[in-house]
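Student: okay, predicted coordinates and the sequence, questions at the end:
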Amino acid sequence: MSDTQKPVLKGQRALVTGASSGIGAAIAKALAAAGAKVVVNYAGGADRAHAMVEKIRAAGGEAMAIRADVSREDEVEAMFAEMIEAWGSVDILVNNAGLQKDAPLVEMSLADWQRVIDINLTGQFLCSRAAVREFLRRGVVPELSHVAGKIICISSVHDVIPWAGHVNYATSKGGVSMMMKTMAQELAPQRIRVNAISPGAIKTPINTAAWMTPEAEAELLKLIPARRVGEPDDIARATVWLASDDSDYVTGATLYVDGGMTLYPGFDQGG
């Protein structure tokens, strides 16, 4: 394989949070296929995480699983320390871990509000801070990348689309959007790129009810101009691009991978 054909992430080390299933698992596989070593982070479901590691290894990649609740500072710090001890550093962070605990506003418990904010928003802050500290310590390694490090925050179209009955989730994703932009602004002079991907409707375990039956999928497609529900690989391909030097001049951007869901499809006939 010539230099021009080598995998775009060859030799780099990536950490993907919430990577045991769904979008995170697809991202982990795609980064590994692009040449990166990949940490498959998980909080629960150890069997799925280790199975993902074996799939990556079976395809010729390198991976390991590390358990950590991203909302816990001590566990995040321990996870990064374990990765750095094993592989020397980290080059790519994908903040993917997230969850929903849905209820109407007047019925939502403080515990459910706080848990979603803790995982979806605070978890991205804690992991980003740990990664940036390592990026700054190590600096740019020209043979690996043009920059010292890359962070990709997985958000949602609900960072701009309000979602009744999901106030905690929508709030967390709106927070991710502004956090990402602020980090990108602050860190660009240090040669660190920070971007986000906001998926639309994607076929994952978290939203099975929305697309599992033909009737449910038909209703969902009314919200998607592209007239298909997305697949985890749609997000994974975008992640590889944002993690590579092919997107070297991109920072502070949100890439909406949503089949046009943010285009106000209710107005497709002129309103």
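Tutor: Here it is on my side, so go on.

Student: by mean pLDDT, which helix or strand of this protein comes out lowest?
Tutor: helix 214-221 (a mean of 89; mean pLDDT, DSSP states H and E).

Student: next SSE after it?
Tutor: Per DSSP states H and E, helix 214-221 leads on to helix 232-243 as the next helix or strand towards the C-terminus.

Student: in the helix ranked longest in the chain, what's buried?
Tutor: The helix of greatest length in the chain, counted in residues with DSSP state H as the criterion, is given as helix 167-187. Judged by neighbour count (16 or more other Cβ atoms under 10 Å), helix 167-187 contains these buried residues: 167-177, 179-181, 183-184, 187. Using the backbone N, CA and C atoms, a C-beta is placed for each residue, glycine as well.

Student: what's the answer for stretch 33-49, then?
Tutor: Of the residues in stretch 33-49, 33-43, 48-49 count as buried by neighbour count, 16+ other Cβ under 10 Å.

Student: just the residues you listed: which are in helices?
Tutor: Among the buried residues of stretch 33-49, the members falling in helices (DSSP H) are 33, 48-49.

Student: list just the nearest of those to residue 102.
Tutor: Ranked by distance to residue 102 (Cβ to Cβ), these are led by residue 48 at 23.0 Å.

Student: what sits against that closest one?
Tutor: When contacts are counted by Cβ atoms under 8 Å, 6 or more residues apart in numbering, residue 48 touches 20-21, 25, 42.

Student: among the residues you listed, give me the pair with the biggest separation.
Tutor: Using Cβ to Cβ, those reach their maximum pairwise distance at 25 and 42, which is 9.9 Å.

Student: so what sits against both of these two?
Tutor: In terms of Cβ under 8 Å, 6+ apart, residue 25 and residue 42 are both contacted by the residues 19, 48.

Student: so for the host helix or strand of residue 153, mean pLDDT?
Tutor: When secondary structure is defined using DSSP H and E, the element that contains residue 153 is strand 149-154. Strand 149-154 shows a mean pLDDT of 98 in the predicted model.

Student: break down the stretch 1-150 of the chain into its helices, ranges please.
Tutor: When secondary structure is read from DSSP state H, counting those that start in this stretch, the stretch 1-150 of the chain shows helices at 22-33, 46-58, 73-87, 110-117, 123-138.

Student: got the phi and psi for residue 191?
Tutor: Phi and psi for residue 191, reported as degrees, to the nearest 10, are phi 60, psi 40.

Student: repeat that for the one 4 residues further on.
Tutor: Torsion angles at residue 195 (phi, psi; degrees, to the nearest 10) stand at phi -140, psi 170.

Student: report how many residues lie close to it.
Tutor: When counting by other Cβ atoms under 10 Å, one arrives at 24 neighbours for residue 195.

Student: heads up, I number from 31, so please use that
Tutor: Understood, numbering begins at 31; the last thing we discussed is residue 225.

Student: give the contact list for it.
Tutor: In this structure, residue 225 makes contact with 180-183, 210, 214, 272, 277, 280-285, judged by Cβ under 8 Å, 6+ apart.

Student: looking at those, which is nearest residue 42?
Tutor: Of all those, the one with the least separation from residue 42 (Cβ to Cβ) is residue 180, at 8.8 Å.

Student: ok, of the buried residues of stretch 63-79, which one's closest to residue 261?
Tutor: Closest approach between the buried residues of stretch 63-79 and residue 261, by Cβ to Cβ: residue 63, at 15.6 Å.
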